[in-house]
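Novice: Below: sequence and its predicted model.
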Amino acid sequence: MTQATHEDRERWAERARRLTLPCGLFVDGAMCQALSGETLPVYNPATGTVLAQMALAGKEDVDRAVAGARAAFADGRWRKVSPRERGRRLLHLAALLEAHRDELALLETLCVGKPIADSLAVDLRAAARTFAWYGEAADKVYDQLAPVPPEALAMVTREPLGVVAAVVPWNFPLHMAAWKVAPALATGNSVVLKPAEQSPLSALRLGELAMEAGIPPGVLQVVCGDGPTTGAALGLHDDVDCVAFTGSTEVGKLFLGYAGASNMKRVWLECGGKTAHVVFADCPDLSRAAAAAADAIFFNQGEMCSAGSRLLLDAAIASPFLELLMEQARRYEPGDPLDPATRMGALVSAAQLERVLGSIRQAQADGARLLTGGRQCRQETGGWFVAPTIFDGVEPRSVLAQEEVFGPVLAVLSFRGEAEALAIANGTLYGLAAAVWTADLNRAHRFARELRAGTVWVNCFEEGDMTVPFGGFGHSGFGRDKSLHALDKYTDLKTTWMALAP
Ligand code: NAD
């Protein structure tokens, strides 16, 4: 570690020591404890130590939060505010997120172990941008008049749904919350946000900052707790109109069941993925593709729904490509998440560490060839780190090629010809994203059209913008976050037909 990064690291560590951690529930505009007094520990993945004891919201706390959100919706304290004014307050919230960027980035890094540089440059930037984007959009979406006969006037208007529950994961805590909360608030709903039990701190600060931005009490509630207790209580609640979920496919399916067992609330699911990253022999720039392939699986410790976890290499270039890739992998050796020079941090939990090491053991047992990594590291810190891992010779039907690992473990497969590449790329239950590298424009279009994925990248990876929708096909879920399309999830269409007197 250089002197400069050592000092930077010390500065972040000192800030972390001075930080006051929020640790209750945020209901009707104030922090409170769970009615039962129960708590759950939140850990620092970089040290394996307890960071805070968080309130655990039971069914009665969820009832209280939903009732408050319903009351706010019913009396129109937010729904009836003009779209322009709603937009102004969301823009204010975006500005507050920017103003508290260091503090919020630190909360993300402390809870989930991601590098502080990424929390600042990716998570916080994206969260603020999301609130600003929907703030700007709030008064720019028009309703419709239908082309009906002259004796009538038919209006097709969008109306907010009511109480939206946003249930989100830990890999991008504030960023994923923003993708749900911002469009739901822009359209006039009340929201009950449930962060993951591993990463509740930034969500609580979001609740407080929303109040400061002028979003009335009750309109954004935050209930913390685990899935089977707090998440299930929201999923089964008869007065929640919609659940917007991001998380695993397994839990996404549970939410469909909860809706069927309760009030048929609508459910939107952003679930897992097994992204195919396909490199043809005519790839325009092998070095750039290798750097992208490494980032695709090692950024955010591989804890990404869209991680490029399957690298499909044209057999003609497999060998030189792997050499370039191994060189890139060395740049992701795990380090202290509070050191601004660190590119890969810790896995979120001891359970996640076990899951990732289990996948590595399984891949070895299935005959895949370990090229690098495959081991836990930095054990002396007490934290949960895994070295960047690459397996070659992975069989398309093997567990590693089929199941989400959610860690820094890359499966490399090779192919001969477009047809085989497509069969392997589309050969999983998931359909979140895919990427293809080729210099042939015809092939790029042909291949992109046939890929079964919600997002396809050509000659790049993980590019995007608030203007384009994000979501999956198949077991990756349905419904889209980002862009104006996300507004459809939080509004219902109403037809008002008026007979006109002659
Ligand atoms: P998870 O499914 O375990 O948890 C997600 C949320 O659901 C958490 O808030 C959790 O408390 C809650 N939950 C868990 N069990 C529940 C239950 N029985 N009933 C109700 N709620 C429950 O997922 P995770 O481990 O937090 O996140 C990793 C998963 O998220 C991965 O599969 C990843 O692919 C997915 N993900 C998808 C996207 C996307 O946009 N498609 C983005 C990020 C993460």
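Specialist: Received the coordinates, thanks.
Novice: what pLDDT does the most centrally placed residue in the chain get?
Specialist: Per C-alpha atoms, centre = their mean, the C-alpha nearest to the average position across the chain is that of Met176, at 4.1 Å. For Met176, the pLDDT comes out at 98.
Novice: any idea how far it lies from Asp226?
Specialist: 17 Å (C-beta to C-beta, to the nearest Å). Yep, even glycine has a C-beta here, placed from its N, CA and C like the rest.
Novice: for the closest residue to the ligand within the stretch 51-200 of the chain, what are its contacts?
Specialist: Nearest to the ligand in the stretch 51-200 of the chain, going by C-beta to the nearest ligand atom, is Pro169, at a distance of 3.1 Å. Counting by C-beta atoms under 8 Å, 6 or more residues apart in numbering, Pro169 touches 176, 196, 246-248.
Novice: so how far is Val112 from it?
Specialist: Distance from Pro169 to Val112, by C-beta to C-beta: 10 Å.
Novice: now Ala341
Specialist: From Ala341 to Val112 the distance is 19 Å (C-beta to C-beta).
Novice: okay, the two: which has more neighbours?
Specialist: Val112 (32 against 16; other C-beta atoms under 10 Å).
Novice: where along the stretch 201-350 of the chain do the strands fall?
Specialist: 220-222, 242-246, 266-270, 276-279, 310-314 (DSSP state E, counting those that start in this stretch).
Novice: so which of those strands is the most packed in?
Specialist: strand 220-222 (a mean of 29; mean count of other C-beta atoms under 10 Å).
Novice: which SS state does the closest residue to Ile297 other than its chain neighbours fall under?
Specialist: Spatial nearest neighbour of Ile297, excluding adjacent residues (C-beta to C-beta, 6 or more residues apart in numbering): Leu410 at 4.4 Å. Under DSSP: H, G, I helix; E, B strand; the rest coil, the three-state class of Leu410 is strand.
Novice: nearest to the ligand, of the strands of the stretch 201-350 of the chain?
Specialist: strand 266-270 (3.5 Å).
Novice: May I have that closest one as CSV, with CA atoms only?
Specialist: The C-alpha atoms that make up strand 266-270 are tabulated as CSV, following Å, rounded to 0.1, in the frame of the first residue of the first chain:
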residue,chain,number,x,y,z
ARG,A,266,-49.5,-7.3,-8.5
VAL,A,267,-45.9,-8.6,-8.2
TRP,A,268,-42.9,-7.4,-10.3
LEU,A,269,-39.8,-9.5,-10.2
GLU,A,270,-36.2,-8.7,-10.9
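Novice: Output the strands of the stretch 201-350 of the chain as a markdown table; include the columns mean pLDDT.
Specialist: Below are these laid out as a markdown table (pLDDT from 0 to 100):
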| stretch | mean pLDDT |
| --- | --- |
| strand 220-222 | 98 |
| strand 242-246 | 98 |
| strand 266-270 | 98 |
| strand 276-279 | 98 |
| strand 310-314 | 98 |
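Novice: Now render these as CSV, adding distance to Leu500.
Specialist: Shown next, in CSV, are the strands of the stretch 201-350 of the chain (distance: least, C-beta to C-beta, whole Å):
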stretch, distance to Leu500
strand 220-222, 42
strand 242-246, 35
strand 266-270, 34
strand 276-279, 56
strand 310-314, 59
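Novice: how about those in TSV, adding distance to the ligand?
Specialist: As requested, the strands of the stretch 201-350 of the chain are exported to TSV (distance: least, C-beta to the nearest ligand atom, whole Å):
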stretch	distance to the ligand
strand 220-222	12
strand 242-246	5
strand 266-270	3
strand 276-279	15
strand 310-314	14
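Novice: Domain boundaries for the chain, per the record?
Specialist: The chain resolves into domains spanning 7-271+477-494, 276-466 when parsed by automatic domain parsing.
Novice: Could you dump the ones you listed into a markdown table with distance to Ala501 added?
Specialist: Output for these, formatted as a markdown table (distance: least, C-beta to C-beta, whole Å):
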| stretch | distance to Ala501 |
| --- | --- |
| domain 7-271+477-494 | 9 |
| domain 276-466 | 46 |
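Novice: Could you list the low-confidence segments of the chain?
Specialist: Applying pLDDT under 70 to the chain flags residues 1-4.
Novice: who in it is up against the ligand?
Specialist: By C-beta under 6 Å from any ligand atom, the part of the chain that sits against the ligand consists of 167-171, 176, 194, 196-197, 226-228, 231-232, 235, 246-248, 251, 254, 270-273, 305, 404, 406, 432, 472, 476.
Novice: What is the neighbour count of Leu347?
Specialist: Leu347 has 29 neighbours, counted by other C-beta under 10 Å.
Novice: do Lys140 as well
Specialist: Lys140 has 10 nearby residues by other C-beta under 10 Å.
Novice: Over to Leu91?
Specialist: Leu91, neighbours per other C-beta under 10 Å, totals 18.
Novice: Contacts only, for it.
Specialist: Applying C-beta under 8 Å, 6+ apart, the residues near Leu91 are 131-132, 135-136.
Novice: Would you verify that the residue nearest to the centre of the chain is located in a helix?
Specialist: Yes: the assignment for Met176 by three-state DSSP puts it in a helix.
Novice: Which residue comes closest to it once chain neighbours are left out?
Specialist: Val168 (4.4 Å).
Novice: Let me know whether that neighbour touches Gln198 as I believe.
Specialist: No: using C-beta atoms under 8 Å, Val168 is not in contact with Gln198; the gap is 11.1 Å.
Novice: quick one: which of the two has more around it?
Specialist: Val168 (26 against 22).
Novice: could you measure the more buried one against Ala433, distance?
Specialist: Counting by C-beta to C-beta - Val168 and Ala433 are separated by 19 Å.
Novice: Repeat that for Leu325.
Specialist: Applying C-beta to C-beta to Leu325 and Ala433 gives a distance of 19 Å.
Novice: With Pro337 instead?
Specialist: According to C-beta to C-beta, Pro337 stands 26 Å off from Ala433.
Novice: same thing with Ala69?
Specialist: 33 Å.
Novice: re earlier: report the contact partners of the residue nearest to Met176.
Specialist: 176-177, 180, 193-196, 203, 245-247.
Novice: same thing with Glu197?
Specialist: Contacts of Glu197 (C-beta under 8 Å, 6+ apart): 40, 42, 54, 224-227.
Novice: Can you tell me which of those lies closest to the ligand?
Specialist: Gly227 (2.2 Å).
Novice: Quick check: that closest one touching Val251?
Specialist: Yes: here Gly227 reaches Val251: they are 6.3 Å apart, a contact under C-beta under 8 Å.
Novice: For the two, indicate the residue with more neighbours.
Specialist: Legend: neighbour count by other C-beta under 10 Å for Gly227 and Val251, higher for Val251 (20 against 16).
Novice: how close does the more buried one get to Arg77?
Specialist: 32 Å.
Novice: what's the answer for Leu97, then?
Specialist: Distance, Leu97 to Arg77, by C-beta to C-beta: 22 Å.
Novice: So between those two, which is more surrounded?
Specialist: Leu97 (26 against 16).
Novice: ok, now which ones touch that one?
Specialist: If you count contacts by C-beta under 8 Å, 6+ apart, Leu97 has them with 104, 124, 127-128, 131, 174, 206, 209.
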